[in-house]
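>>> using only what follows, build the 3D model:
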Amino acid sequence: MLNWLVIFAPIAIVLHHFAPERYELIFLTAAIGILPFAAWLGRATEQLADRSGEGVGGLLNATFGNAAELIIALAALRAGLYDVVKATIAGSIVGNILLVLGASMLAGGTRYPEQHFNLTGARAQATMLTLAAIALIIPAAYHGLVGEFYVGGQKPLSISISLTLLVVYCMFLLFSLWTHPSFFSGSNVPDNETSSQPWPLSWSVTVLAVCTAAIAWLSEILVGTIEPTARALGLSDIFIGVFVIAILGNAAEHASAVTAAMKNRMDLSLSIAIGSSIQVALFVAPLLVLASLIVGPEPMNLLFGKGLVLAVFVAVVITGQIASDGRSDWLKGVQLLAVYLILGLAFFLTP
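I've put the predicted structure just below:
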């Protein structure tokens, strides 16, 4: 459905080289051009997921689905746009658990009155999300308590928290894939729809490589136009990072999670949506902090703005409530989407 949008990719590249002053047009075409590559990336990872089961499949889809966010964030990191990087991280966490999961529950609920998923695995993932929220709250609380007197403490604190989160994420992978994989296996039987012909493994890998390279190229172009486009449209960099870029980066997860929910595979849908947020919070964010020591103009910390911290906290709280009973329906999807809309309005009106 998104295939025809690929024409915007060469248009963005041509405009970038021959009309660099057309910031708004370059931003728009590059943003739209990323969508089909993100969708193809998601389709390729879904093909790999079908070979591996719900738990591993969800991890693969989340990992490669997050490639777009990671590439965009690295490009912004090199440009020194740390506010955009942090907004993209927060937006990806919030977008996955509110927008992607909400749309999945709504779409699945329109076909099935009630859907079920493994409650133990869902609770384990919700706990990891709570850990992610704590990791963002602590640097902000530290800054509020002693930041004015000891500014230099943020760097060692952020590096220490980042290393801790990376270790915990590795432990979570060990838990979910090796010692307790049954917690994340499907608790329902998929419907018997006719599936399409599976892709050969070599073709899936080739599509992954090509899409990742294309997203990287377009991301470099997109990041270079964020600030002038935001000024021209009267929007804040934070709104663009939290919602515009995050939605683009979530395109792969969105398509895969919704498709899985409509096939009554809610365990896979949750593994993609919630698992992607966990990966961004516990792997991508710490990795970017450490990467900034090498590629950034200066080290990046985990001191997120109060609005970003609040958005993540609110999203984690309602997601934990919704995932606490092992079932979903269309109303739960509407509730998640409503919170996402409310946050979007608040950030949109931010000067």
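
>>> what segments of the chain are strands?
Using DSSP state E, the strands of the chain run over 115-116, 327-328.

>>> so for residue 74, which of those strands sits nearest?
Closest to residue 74 of these is strand 327-328 (Cβ to Cβ; 34.2 Å). Where you see a C-beta, it was placed from the backbone N, CA and C, and this is true even at glycine.

>>> distance from the chain centre to that closest one, please.
22 Å (Cα atoms, centre = their mean, to the nearest Å).

>>> what helices and strands are in contact with that strand?
helix 101-109, strand 115-116 (3 or more Cβ pairs under 8 Å, 6 or more residues apart in numbering; DSSP states H and E).

>>> contact partners of it?
Around strand 327-328, the neighbours that count as contacts under Cβ atoms under 8 Å, 6 or more residues apart in numbering are 105, 108-109, 114-117, 266, 322.

>>> next one: the residue nearest to the spatial centre of the chain, what pLDDT does it get?
Against the mean C-alpha coordinate of the chain, by Cα atoms, centre = their mean, the closest residue is residue 92 at 3.6 Å. Looking at residue 92, its pLDDT is 87.

>>> in this structure it contacts residue 72, no?
No - shown here, residue 92 and residue 72 do not form a contact pair, counting by Cβ atoms under 8 Å, at 9.6 Å.

>>> quick one: average confidence on the lengthiest helix in the chain?
The residue-count maximum for a helix in the chain (DSSP state H) belongs to helix 23-50. Average pLDDT, helix 23-50: 81.

>>> tell me which other helices or strands that helix touches.
helix 8-18, helix 54-65, helix 67-78, helix 201-224, helix 226-233, helix 246-249, helix 251-262.

>>> show me what the last one is packed up against.
If contacts are counted by 3+ Cβ pairs under 8 Å, 6+ apart, helix 251-262 sits against helix 23-50, helix 54-65, helix 101-109, helix 266-279.

>>> circling back: and the gap between the residue nearest to the centre of the chain and residue 41?
As judged by Cβ to Cβ, to the nearest Å, residue 92 and residue 41 stand 15 Å apart.

>>> same check, this time on residue 200
Applying Cβ to Cβ, the value for residue 200 to residue 41 is 17 Å.

>>> neighbours of residue 280, how many?
By other Cβ atoms under 10 Å, 30 other residues sit near residue 280.

>>> which residue is the nearest non-sequential neighbour of it?
Closest residue to residue 280 apart from its sequence neighbours, by Cβ to Cβ, 6 or more residues apart in numbering: residue 92 at 4.7 Å.

>>> which secondary structure element of the chain has the lowest mean pLDDT?
helix 54-65 (a mean of 66; mean pLDDT, DSSP states H and E).

>>> if we can go back for a sec, kindly calculate the angle that the longest helix of the chain makes with helix 67-78.
In terms of direction (axes from the mean of the first three to the mean of the last three Cα atoms, to 10 degrees), helix 23-50 departs from helix 67-78 by 140 degrees.

>>> could you pull out the buried residues of helix 23-50?
Along helix 23-50, these residues count as buried under the neighbour rule (16 or more other Cβ atoms under 10 Å): 23, 26-49.

>>> out of the strands of the chain, flag the one nearest residue 293.
Nearest of the strands of the chain (Cβ to Cβ): strand 327-328, 41.2 Å.

>>> now the helices and strands packed on helix 251-262 in CSV, with distance to residue 311?
Shown next, in CSV, are the helices and strands packed on helix 251-262 (distance: least, Cβ to Cβ, whole Å):
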stretch, distance to residue 311
helix 23-50, 21
helix 54-65, 20
helix 101-109, 15
helix 266-279, 12
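
>>> where does the stretch 101-250 of the chain have low pLDDT?
Scanning the stretch 101-250 of the chain for pLDDT under 70 picks out the ranges 147-152, 185-196, 248-250.

>>> need the contact list for residue 260.
104, 266, 268-269, 272 are the contacts of residue 260 under Cβ under 8 Å, 6+ apart.

>>> cool, residue 314 as well?
339, 343.

>>> swap in residue 297?
Counting by Cβ under 8 Å, 6+ apart, residue 297 touches residue 80.
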